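**Student:** everything below, folded, please.
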Amino acid sequence: MRQHPVGTRCKSVLQRHTAPLLLLMAVAAGACVGCGGEEWHAETYPARGRITINGAAPAGAVVELQATGEAADVRNSRPWAVVQDDGSYTLSTYEIGDGAPAGEYAISIKWPPDVSKPSLADRLGNAYSNPSGSQWKATVSAGENQLPLIEIVGAKVLSKEQAATPRNAPPGPGMGGSNP
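**Tutor:** Residues are numbered from 1 along each chain as shown. Have a look, this model is predicted:
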């Protein structure tokens with residue numbers, strides 16, 4: 001039986017390129033070790049809390065923890081949670097509801113107009129969004145953690161519409177202002 005010349009050529013090309021292709025695949029696989037794995041994750045512990053603003057639950061507000069000492073992990077992950085209708089929240093760091101790594105944290109709060117859409121807007125006017133000036137601290141330890149109740153009284157709360165409307169800034173140089 002006679003072999004077709006194109007089949008011979010294909011077989012020859014495959015033989016010449018198989019070893020380099022396999023070597024390239026092995027190098028690529030080795031380079032990805034650690035890329036998508038979980039070896040950089042710190043162990044997390046269940047952590048829950050509750051918050052009220054002016055006596056009501058701020059459903060949709062975002063609570064975020066920032067380590068005040070050693071970083072939670074090599075990526076300095078920040079545990080976070082979305083406040084539920086009853087004012088409760090459950091922290092997440094790597095997966096929804098997995099908790100937070102053990103450590104000392106400052107708590108910040110931001111209340112976007114719509115938590116389902118990325119936004120820099122804050123219904124609290126960024127009054128509580130800076131963790132470095134936070135009045136609330138939390139400690140997460142091994143085991144179950146109940147974080148301290150956060151009760152904000154007398155806060156100015158913008159409506160969703162007010163918070164979502166960009167504020168007009170005064171004109172800067174070259175933006176309609178007069179030049180002396």
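**Student:** low pLDDT regions in the protein?
**Tutor:** 1-38, 167-180 (pLDDT under 70).
**Student:** stretch 70-78: end-to-end distance?
**Tutor:** 12 Å (Cα to Cα, to the nearest Å).
**Student:** what ranges do the helices span in the protein?
**Tutor:** If DSSP state H is used as the criterion, the helices of the chain fall at 5-32, 160-164.
**Student:** how about residues contacting the last one?
**Tutor:** Yep, that's helix 160-164 we're talking about. Residues from elsewhere that reach helix 160-164 (Cβ atoms under 8 Å, 6 or more residues apart in numbering): 111-114, 119, 121-123. Where C-beta positions appear, they are placed from N, C-alpha and C, glycine not excepted.
**Student:** spit out the contact partners of the residue lying closest to Pro148 once chain neighbours are set aside.
**Tutor:** Nearest non-adjacent residue to Pro148, counting by Cβ to Cβ, 6 or more residues apart in numbering: Ala138, 6.6 Å away. Ala138 sits next to 47, 49, 65, 104-105, 107, 145, 147-148 when contact means Cβ under 8 Å, 6+ apart.
**Student:** of those residues, which pair is most distant in space?
**Tutor:** Based on Cβ to Cβ, the longest span within the contacts of Ala138 runs between Gly49 and Glu104 and measures 15.2 Å.
**Student:** in contact with the closest residue in space to Ala57 that isn't next to it in sequence, which residues?
**Tutor:** Among residues not flanking Ala57 along the chain, Gly87 sits closest, at 3.4 Å (Cβ to Cβ, 6+ apart). Listed by Cβ under 8 Å, 6+ apart, the contact set of Gly87 reads 50-52, 56-59.
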